[in-house]
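1. sequence unknown, structure follows:
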């Protein structure tokens, strides 16, 4: 077997564990130095390949690569850049392959969501057609948990854990103050198309906490929602609401877009939580508080799920092992074997099955009233948040998150206009 | 010494460590059962004393009381209820003392901020005047860190740690995506009158992160702020902003009040972060994201500061020991001995020195441009966030937070109208 170099890139929104996948890829490549030469990483994701900004990861120490296991965000930079279709912009794909050829890259590990699975698939096909076959492996990653085939996606478990714990802690706070203060607490979470993350907020019901979930999958009905809030406040003295940023009205418009304007009449972006809070205030007069977790949730490496970290690493490692075994155009997946005890194994699927397919919540995960999760959903979620994978802290009390050197190699090709 | 009962109440906004103070009070009382009989706790704070809703803490197991060390919020309930002045509403104070007398309560441990220090002081004075002297001890607590005399207030260190870590993690996220996505991230934190919590966000500068702080102490100047954001984005590619909910314009108006209206023209409450985000968008066109931490920050027991938990407990314990030594109308305090290594001890001060005095940030803690913290501030803050005091987790991956039985004792007096 002739040794080829590898290219690794991070794609789309980063997570608290995507660097654990990077760690899995790079460590496994280092263990197979006879078959895989240098691992180059794209500076800011696939853009780095197009512009030939390649990071030489061999210059990073073993200790720093190991520290990626405990560092959130994308250590090499990521990007939101979707390659157009082959018909629309064949030159981008040809450029990628030109860069791979120039740097003798035979392995392409692309770490992302649905769009990057599609890109990965095309690179595999086109590189073969152009006579420079590259083995393209997609490593799944997305807090949205919306990739098909795989039981779950790395990044999601840690967000779910963070949201469940945060909603729990805030609910304890509200419960202890509700007599004279806040009665309704609203937490806005990510999830533009699917309610996976909001569902995690439903786990706090197991502590006896009254919680209402607003999913993108369920048309928002203001009257029913207000009645549900009132019923819970009257019974428990307070109520927690977890609203998906993608919660929407029956006409398809987002709650977050609902007519908030600044003093100049400009539409203001963002914030399903304040919209819901205002609704509660107008209808019921209850004192409320709201929080928007935003990036805090997907970056919260300080309380990552141990299951999630382990799976993110295993998928990176398996991707390399599958490439070494000759696989191409595939994605390693998580296969669930059992819930109690939780057991899982690595599987794989052809990228043709993954590209452009979005997995939403099964309908039997949502209660009939649309505001809660079922036992089936609980059984699915709990294993994914099992275990606490803490980062290390320095003596000052701050996390030891690594910042890599990220030295670029010398370019061999001309400029490329993005 | 004749054994008397004790009364303990939690006051005002709860924190992630106020229950650690409760644990210190109750455990220490249990160790001195020869001198202190039953510890009663006010259901929902001082309101529970007025309405004679007294929780019998002796019914809680040692294990559950110990679990308070690791449980956020107010385990007995707290309230926002300020007793009026003696002139205005003497009947409230008289009722308190009547309830204390009915239940043979000789010790009053009041766990709160400035207002409760004042109440505590008055109870001590009036009870003596009425011939039923109660030893009143104030246990400090407030995330606002605004009590005088004591070097710092329990609750603050954990919020500071949470905000520093959250701002760090979100900044790592933004840094890795800034090439094609969000360039400015805005995190809103608590602090209506003082910028202590926002200051903690400034610690991330030590990672080389460009961060701007907006303090209540510094008049907001939009042009200077926009120029500062632009300079940082041009130099670093991105910028993080930590804005205090109490940030205000030169005319004294809060940024959060700045003219956000819903579709019906109603003023919308809340959110300095979206206001600042919109400002950045209008002036510079940068893509932004914003988060509002709200209760998440003060309830975040999952990443509490070990220093903070230890001090909260020590202050509860010391309060009881001081009472047993005969003290009255005092507050145990934290005295800082040295920064490196951090050493502290328990001191105390007369409540007359505490009541109605608010401690704001020293001006030499804020940089000259008003957007950052000085080394003096860093030296002050770091010791307070030292160490990670994690809660226990169950096998499902959720925290083991205790919910007490909170059984009320039988009432002996008639109703009381609040």
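-> Perfect, thanks for sending it. Predicted model, so just to flag it, every value in this text is computed and none were measured.

2. how long is stretch A:248-256 end to end?
-> Stretch A:248-256 has an end-to-end distance of 8 Å (criterion: CA to CA, to the nearest Å).

3. ditto for stretch A:336-348
-> Using CA to CA, the end-to-end distance of stretch A:336-348 comes out at 13 Å.

4. Same question for stretch A:361-371.
-> End-to-end distance of stretch A:361-371: 14 Å, with CA to CA as the criterion.

5. any bit of the helix ranked longest in chain A sitting next to chain B?
-> Identified as the longest helix of chain A according to DSSP state H is helix A:156-177. Yes. Residues of helix A:156-177 contacting chain B under CB under 8 Å from any CB of the partner chain: A:161, A:164-166, A:168-170, A:172-177. Bear in mind the C-beta positions are built from the backbone N, C-alpha and C, glycine included.

6. And for residue A:332, the neighbour number?
-> Number of residues near residue A:332 (other CB atoms under 10 Å in any protein chain shown) recorded here: 24.

7. Any idea how many residues pack against the spatially closest residue to it that is not a sequence neighbour?
-> Nearest residue to residue A:332 in three dimensions, chain neighbours excluded: residue A:318, at 4.2 Å (CB to CB, 6 or more residues apart in numbering or on different chains). Neighbour count for residue A:318, taken as other CB under 10 Å: 22.

8. mind checking the SS state of residue A:318?
-> At residue A:318 the chain is in helix, as set by DSSP: H, G, I helix; E, B strand; the rest coil.

9. now the residues of helix A:156-177 next to chain B as JSON lines including neighbour count?
-> Below are these laid out as JSON lines (neighbours: other CB atoms under 10 Å in any protein chain shown):
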{"residue": "A:161", "neighbour count": "32"}
{"residue": "A:164", "neighbour count": "27"}
{"residue": "A:165", "neighbour count": "29"}
{"residue": "A:166", "neighbour count": "29"}
{"residue": "A:168", "neighbour count": "26"}
{"residue": "A:169", "neighbour count": "26"}
{"residue": "A:170", "neighbour count": "30"}
{"residue": "A:172", "neighbour count": "27"}
{"residue": "A:173", "neighbour count": "30"}
{"residue": "A:174", "neighbour count": "25"}
{"residue": "A:175", "neighbour count": "24"}
{"residue": "A:176", "neighbour count": "26"}
{"residue": "A:177", "neighbour count": "29"}
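
10. Save those residues as TSV, and put in distance to residue B:226 and pLDDT too.
-> Listed next are those as TSV, based on distance: CB to CB, whole Å; pLDDT from 0 to 100:
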residue	distance to residue B:226	pLDDT
A:161	37	98
A:164	38	98
A:165	36	98
A:166	32	98
A:168	39	98
A:169	35	98
A:170	33	98
A:172	39	98
A:173	35	98
A:174	36	98
A:175	41	98
A:176	41	97
A:177	37	96
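
11. that older thread, and after the longest helix of chain A, which helix or strand comes next?
-> Sequence order places strand A:184-189 as the next helix or strand after helix A:156-177, per DSSP states H and E.

12. so where is the stretch 101-250 of chain A shaky, pLDDT-wise?
-> In the predicted model of the stretch 101-250 of chain A, no residue satisfies pLDDT under 70.

13. Could you tell me which residues of it lie near chain B?
-> With the criterion set to CB under 8 Å from any CB, the stretch 101-250 of chain A comes near chain B through A:161, A:164-166, A:168-170, A:172-177, A:179-182, A:185, A:187, A:203, A:206-208.

14. residue boundaries of the helices in the stretch 151-300 of chain A?
-> According to DSSP state H, counting those that start in this stretch, the stretch 151-300 of chain A carries its helices in the segments A:156-177, A:196-201, A:222-236, A:272-284, A:295-299.

15. Mind listing what's buried along the second one?
-> Residues of helix A:196-201 classed as buried by neighbour count (16 or more other CB atoms under 10 Å in any protein chain shown): A:196, A:197, A:198, A:199, A:200, A:201.

16. rewinding a little: how much space separates the residue nearest to residue A:332 from residue A:108?
-> 16 Å (CB to CB, to the nearest Å).

17. Now do the same contact list for the closest residue to residue A:190 other than its chain neighbours.
-> Nearest non-adjacent residue to residue A:190, counting by CB to CB, 6+ apart: residue A:197, 5.2 Å away. Taking CB atoms under 8 Å, 6 or more residues apart in numbering or on different chains, we find residue A:197 in contact with A:143, A:144, A:145, A:156, A:159, A:160, A:163, A:189, A:190, A:191, A:244, A:297.
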